[in-house]
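1. Sequence first, then the predicted structure, then my questions.
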Amino acid sequence: MGMPQTAERWTADMVRALPDDRNRYEVIDGELLVTPAPSWTHQRAVGGLLLRLSAYLQGQTWGEVVTSPADISFHEDMLVQPDVFVVPLGPGGRRGRHWTDIRALLLAVEVLSPSTARADRQVKRRLYQREGVGEYWIVDVDARVVERWRPSDERPEIVTTILTWHPQPAAAPFELDLLEFFEGLLRETVG
């Protein structure tokens with residue numbers, strides 16, 4: 001099935017109306033982005049990050065980690081599905097009931113794939129910076145690095161050893177040993 005080309009400027013509602021064909025559809029500033037189903041290694045990286053961030057956030061009332069598919073839409077001409085993301089929780093740890101209730105992200109993470117590199121590094125990065133997402137991580141499994149972006153950054157911080165995230169001063173920081181993370185990922189995916 002080819003990508004629909006009927007709209008000059010796409011909206012989140014138009015994307016939600018597309019049929020489920022196993023592709024991931026996103027729209028940023030009216031531009032439709034289409035990516036195929038992710039690879040095995042990609043999904044293992046997403047799962048590993050989800051497990052580690054879940055353990056870190058266990059018992060916290062300020063944030064919750066989630067994975068896609070999810071329709072995050074801050075504007076009519078924007079709908080993204082970050083691989084992994086952390087949403088802020090309301091008073092007492094309350095969360096919204098619908099994706100449309102999400103109006104901010106503490107963290108957005110994309111695991112790089114050949115088909116998503118341009119969108120992840122350029123289009124999505126600019127969007128997340130513009131929207132004030134606390135941190136945006138681009139996880140490059142092949143290069144064994146994480147590109148960390150913050151809203152005011154002009155260049156990413158390239159992290160190769162310990163990735164530290166400290167979104168709440170009252171909480172201990174999240175730390176991820178990237179050497180161990182990538183070694184485990186690549187060891188377990190090789191025949």
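-> That came through fine.

2. show me where this structure has strands.
-> With DSSP state E as the criterion, the chain has strands at 24-28, 31-35, 63-67, 78-79, 84-88, 107-111, 135-140, 145-149, 157-159, 162-165, 174-177.

3. residues in contact with the closest residue to Glu175 other than its chain neighbours?
-> If you skip the residues right next to it in sequence, Glu175 has Thr164 as its closest partner in space, 5.3 Å away by CB to CB, 6 or more residues apart in numbering. Where C-beta positions appear, they are placed from N, C-alpha and C, glycine not excepted. Contacts were defined as CB atoms under 8 Å, 6 or more residues apart in numbering; by that measure Thr164 touches 173-176.

4. where do the helices sit along this protein?
-> With DSSP state H as the definition, the chain shows helices at residue ranges 12-16, 40-57, 117-118, 125-130, 178-189.

5. Serialize these to TSV and add fields for mean pLDDT, mean neighbour count and distance to Phe74.
-> Rendered in TSV, the data for these read as follows (pLDDT from 0 to 100; neighbours: other CB atoms under 10 Å; distance: least, CB to CB, whole Å):
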stretch	mean pLDDT	mean neighbour count	distance to Phe74
helix 12-16	86	17	9
helix 40-57	94	17	21
helix 117-118	87	12	21
helix 125-130	94	18	9
helix 178-189	84	14	30
